[in-house]
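Undergrad: When you get a sec, could you give me coordinates for this:
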Amino acid sequence: MEEYNTTHSASSRRSFFKKSGLAAFGLAAGGGLAKAGEAAVARAPRSGKAKNVIFMVSDGMSSGTLTMADQFIQLRDGRKSHWMQMYLDHPVTRGMMDMSSANSLVTDSAAASSSWGCGKRVRNGRINVGGDGEEHEPIGMVAKRNGLRSGLVTTATVTHATPAGFVANGPRRNDEPGFAKQYLEREVDVILGGGINFFSSGGRRDDVDLLGEFAKKGYKEVHDRDALLALPDGDHRLIGLYSRGHVPYEIDRLNSGDLSKSVPSLAEMSIAALKALSAADEGFVLQIEGARVDHAAHSNDISGLIYDQIAFDDAVQAALQFCDHHPDTLLIITSDHGNANPGMNSGGRLGLLQDFKGSCSQLGGLFGRRARHSVDEIREAIEEVTGIGISRDHAKLIQARRSGEWSAAYSQMDTPGGVLGQILANHTNIGWTGRSHTSDYMELAAFGPGSELVPPFLKNTHMFDVMCKALDLEV
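TA: Sure thing, here's the model as predicted:
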């Protein structure tokens, strides 16, 4: 496994910006936001009708996640995160959002995305389907009916709950094969992320070759990073699927030569989507999701969490620069719910994350009931991935948890991820409240025409009205 080199990473990003034509969005060569005067159009207050909406979701992002990612970037790169810098450089409307679902104070991603997608609170597990089984038209299809285009970019399977909430309907969020068919039937213009299993004949139980059907409708297939980067300018319908399931964690992608060559980053997918959608005159609604922030939080995986939040922040940079050159774009940045509420306690050592060479998910094999790793093997495996040398007593604790001889007092933490997260917290001082979604009010930032419609505190369903009013859609 290659060691992550921040200089190499920055160089790679600059290379992509040139290849992708992102210079047209105004990105500075150093990877930062444009300096004062370089994007003055972005600093003037905007009003009037929007032509485009970019809706960005860092799935499962607790407040501590946003804070620690910003602090880690300052420590590593000597600058603020693009999200935090945006508050200093742009006329942003900022609010807090109540994300409760129809049946719970703690939402899941399906009900959360549906609340934005159709303007109704639905029960957890449903995609734009009401209490009596009625289907509500999602924002992507409202936009299409009004002559606009629609797009989805995610690091999850593209048919996962959050992207599905903008274009699909279904009583069960796990009907991903069904959502893939809906994407074809509803002609979602840009689809980039993971989940090729739900589109290929080899992965579907019905053996239907949906990818072939997309090709018949004129979609360009860009299923590897080189094809995405080489995409010519123009009005394209795109489908690009880069993994059988979810896209790899960003830290694993960066540290694997094969993955970094074959799998694009979230920012790279976002740029490609923006280029393709903006090449047409109609305008668009694009959802961009950093999905694996949520997955890492569920696993108490601190390296997976922070590096994927940083990958989302790179996508924020791309969106901001697009808005600088397309001032008729409403940009919305938020999260659907908190998860595990990670936070850095006194004496925290964020700098240790620079030594991690992968996500903690790579260590799952240490906890299998059939695993027979010795104490030394456990310590060696953890140090290889994290750079942290745990004590022999903590390695024995992993053995005891694995054999069922010990259980954590708090059942939320009595999982492999919970145990490992607590052990590593002794070194990083970054702790977790659990391993599931939380009821926190969510950070919301809006920028561009229509952002004036966002109040300081709002109900999640209000965002559907904001988008429809900003775009002047007939609902």
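Undergrad: For the nearest residue to Gly212 once chain neighbours are set aside, give me its contacts.
TA: Leaving aside its sequence neighbours, Gly212 sits nearest to Ser201 (C-beta to C-beta, 6 or more residues apart in numbering; 7.9 Å). Placement of C-beta: from N, CA and C, glycine included. Neighbour list for Ser201: Asp207, Val208, Asp209, Gly212 [criterion: C-beta atoms under 8 Å, 6 or more residues apart in numbering].
Undergrad: Mind checking which of the residues you listed are buried?
TA: For those, a burial check counting by 16 or more other C-beta atoms under 10 Å picks out Val208.
Undergrad: Among the contacts of Ser201, which one sits closest to Gly178?
TA: Val208 (11.3 Å; C-beta to C-beta).
Undergrad: By mean pLDDT, point me to the weakest helix or strand of the protein.
TA: Every helix and strand in the chain was compared by mean pLDDT, DSSP states H and E; the lowest is helix 40-43, with a mean of 36.
Undergrad: Strand partners (parallel or antiparallel) of the helix or strand following it?
TA: Next helix or strand after helix 40-43 toward the C-terminus (DSSP states H and E): strand 52-58. The sheet places strand 52-58 alongside strand 284-290 (parallel), strand 329-334 (parallel), with pairing taken from DSSP bridges.
Undergrad: Export these as a markdown table, with columns for distance to Lys261, mean neighbour count and mean pLDDT.
TA: Compiled in a markdown table, the strands paired with strand 52-58 are given as follows (distance: least, C-beta to C-beta, whole Å; neighbours: other C-beta atoms under 10 Å; pLDDT from 0 to 100):
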| stretch | distance to Lys261 | mean neighbour count | mean pLDDT |
| --- | --- | --- | --- |
| strand 284-290 | 21 | 29 | 98 |
| strand 329-334 | 29 | 25 | 98 |
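Undergrad: Now distance to Asp414 too, for the ones you listed, in JSON lines please.
TA: Below are the strands paired with strand 52-58 laid out as JSON lines (distance: least, C-beta to C-beta, whole Å):
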{"stretch": "strand 284-290", "distance to Asp414": "28"}
{"stretch": "strand 329-334", "distance to Asp414": "32"}
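Undergrad: of all those strands, which lies closest to Gly418?
TA: For the strands paired with strand 52-58, proximity to Gly418 was assessed by C-beta to C-beta; strand 284-290 is nearest, at 22.7 Å.
Undergrad: burial count for the spatially closest residue to Leu211 that is not a sequence neighbour?
TA: Computed as C-beta to C-beta, 6+ apart, the closest residue to Leu211 that is not its neighbour in sequence is Phe199, at 5.1 Å. Neighbourhood size, Phe199 [other C-beta atoms under 10 Å]: 29.
Undergrad: And for Glu135?
TA: 14.
Undergrad: Tell me how far the closest residue to it other than its chain neighbours lies from Ser299.
TA: Nearest in space to Glu135, with sequence neighbours left out and distances taken as C-beta to C-beta, 6+ apart, is Asn169 at 4.4 Å. When C-beta to C-beta, to the nearest Å is the yardstick, Asn169 and Ser299 sit 30 Å from each other.
Undergrad: so the residue lying closest to Leu286 once chain neighbours are set aside is in which element?
TA: Closest residue in space to Leu286, ignoring its immediate chain neighbours: Gly151 at 4.2 Å, by C-beta to C-beta, 6+ apart. Taking DSSP H and E as the definition, Gly151 sits inside strand 149-157.
Undergrad: Tell me which stretches of the stretch 51-200 of the chain form helices.
TA: 63-77, 82-89, 109-118, 139-145, 161-164, 176-186 (DSSP state H, counting those that start in this stretch).
Undergrad: and the first one, what other elements does it pack with?
TA: Taking 3 or more C-beta pairs under 8 Å, 6 or more residues apart in numbering; DSSP states H and E as the contact definition, the neighbouring helices and strands of helix 63-77 are helix 82-89, helix 302-325, strand 343-344.
Undergrad: How about the fifth one?
TA: Under the contact definition 3+ C-beta pairs under 8 Å, 6+ apart, helix 161-164 sits against helix 109-118, strand 149-157, strand 284-290.
Undergrad: How about residues contacting that helix?
TA: 57, 59, 108-110, 112-113, 127, 152, 154, 156, 170, 173, 176, 179, 193, 287, 289, 291, 336.
Undergrad: Glu213: which element?
TA: Judged by DSSP H and E, Glu213 forms part of helix 210-216.
Undergrad: how far does that helix sit from the chain's center?
TA: 26 Å (C-alpha atoms, centre = their mean, to the nearest Å).
Undergrad: go on, stretch 391-403?
TA: Stretch 391-403 sits 33 Å away from the centroid of its parent chain (C-alpha atoms, centre = their mean).
Undergrad: buried stuff in that stretch?
TA: With the criterion 16+ other C-beta under 10 Å, stretch 391-403 contains buried residues His394, Ala395, Leu397, Ile398, Gln399, Arg401, Arg402.
Undergrad: Output it as PDB, nothing but the C-alphas.
TA: Below are the C-alpha coordinates for stretch 391-403, written out as PDB (Å, rounded to 0.1, in the frame of the first residue of the first chain):
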ATOM      1  CA  SER A 391      -1.000  -1.800  24.000                       C
ATOM      2  CA  ARG A 392      -1.000  -5.600  24.500                       C
ATOM      3  CA  ASP A 393      -4.000  -5.200  26.900                       C
ATOM      4  CA  HIS A 394      -6.000  -3.500  24.200                       C
ATOM      5  CA  ALA A 395      -5.100  -6.200  21.700                       C
ATOM      6  CA  LYS A 396      -6.300  -8.800  24.300                       C
ATOM      7  CA  LEU A 397      -9.500  -6.800  24.600                       C
ATOM      8  CA  ILE A 398     -10.100  -7.300  20.800                       C
ATOM      9  CA  GLN A 399      -9.500 -11.000  21.300                       C
ATOM     10  CA  ALA A 400     -12.000 -11.100  24.200                       C
ATOM     11  CA  ARG A 401     -14.600  -9.200  22.200                       C
ATOM     12  CA  ARG A 402     -14.100 -11.500  19.300                       C
ATOM     13  CA  SER A 403     -14.600 -14.700  21.400                       C
END
